[in-house]
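> Return a 3D structure for these sequence lines:
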Amino acid sequence: MSAVPAGVLPGATAVQDGGAAQPAELGPRARLWPSLAAVYRAQLSRARVARIPLLFVATFQSVGIMVMMRGVVSGGGEARYVVAGAAVVVVAFVALNLLAQYFGQLRASGGLDHYATLPVPPAAVVLGAAAAYASFTVPGTVVTAVVGCVLFGLPLGNLWVLVAVIPLAGAALSGLGAACGLLAPRPELATLLGQLGMSAALLLGVLPPDRMPEAVRLARDLLPSTYGVEAYARTFAARPDWAFVAGDMAVCAAVGVVSLAVATWAYRRAAVR
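Predicted coordinates for the structure are as follows:
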């Protein structure tokens, strides 16, 4: 009887003429970018139902903060930080707060077991979910920035900077949110960490730094979202220093790479348990 060729039956072992059993070759490992695109589309489809309430809550919160600050800050340099900070808070609300809750619930409910059975790299799961959640922040961030500029009399000419601020600040905050959700032992703690992170982004990003104590300024420098605030706030100057803007964006990008790497490690750690 002739030997069965390897790969004829899924998962079968091929028998060589010498009688030694050899495992059949598995299919090629899924590549990162196609897997990331598949996870991204799946997450967008899953969250489509909650899209309108999500955008409304995040945008309404930031616009309300600017209206409240309008009675305290009239204009000038302080208004730049209020508008820029309120715009980035929309990103923090979704990328940090909601993503921490999502991964915390996913870990508690055993949903990570589903992803662990899929032939996709762990980085694709983390990056795909982070990108999908960050995508929901784009309309709210733009609306907040436009309303803030009109409210405080700031120029609208440099709104294009948000094209860099949203993905880079979103990457940094998404990585932190995912790591909090995956490392927290309970979903309630993941929710708490996400809320605390968003509150820090709100207080340290919207309030003008000149009015903060020195200790609070040091804490502000440790929060990656403030570099997105700084980058956008600098563009309201009559002659923006684009070198400093690029430097702030580079910090966001570097923190984003590190935080997403930590989130990927946390996903591997949680998935094998």
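
> Quick check: which element contains Asp248?
Assigned by DSSP states H and E, Asp248 belongs to helix 242-271.

> ok, Gly256 - contacts?
Leu168, Ala171, Ala172, Ser174, Gly175, Pro224 (C-beta atoms under 8 Å, 6 or more residues apart in numbering). Backbone N, C-alpha and C define where each C-beta goes, glycine included.

> Next step: those restricted to helices.
Among the contacts of Gly256, DSSP state H puts Leu168, Ala171, Ala172, Ser174, Gly175 in helices.

> Just give the number of residues close to the closest residue to Phe93 other than its chain neighbours.
Distances taken as C-beta to C-beta, 6 or more residues apart in numbering place Ala58 nearest to Phe93, at 4.4 Å, with adjacent residues excluded. Residues within reach of Ala58, counting by other C-beta atoms under 10 Å, total 26.

> Likewise for Arg211?
With other C-beta under 10 Å as criterion, Arg211 counts 11.

> residues in contact with it?
Per C-beta under 8 Å, 6+ apart, neighbours of Arg211: Glu78.

> Quick check, pLDDT for it.
The per-residue pLDDT reported for Arg211 equals 79.

> if we can go back for a sec, and the helix holding Asp248, what's buried?
Within helix 242-271, the residues scored as buried using 16 or more other C-beta atoms under 10 Å are 245, 248-249, 251-253, 255-256, 259-260, 262-268, 270-271.

> and what of stretch 116-133?
Result for stretch 116-133 [16+ other C-beta under 10 Å]: buried residues 120-133.

> Now go through these and say which are in helices.
Pro122, Ala123, Ala124, Val125, Val126, Leu127, Gly128, Ala129, Ala130, Ala131, Ala132, Tyr133.

> As CSV, these with pLDDT and distance to Leu96 would be great.
Listed next are those as CSV, based on pLDDT from 0 to 100; distance: C-beta to C-beta, whole Å:
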residue, pLDDT, distance to Leu96
Pro122, 85, 20
Ala123, 86, 19
Ala124, 89, 21
Val125, 88, 18
Val126, 89, 14
Leu127, 90, 16
Gly128, 90, 17
Ala129, 87, 13
Ala130, 86, 10
Ala131, 87, 14
Ala132, 85, 15
Tyr133, 82, 10
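
> Quick check: the farthest pair among those residues?
Pairwise distances across these peak at 17.2 Å for Pro122 and Tyr133 (criterion: C-beta to C-beta).
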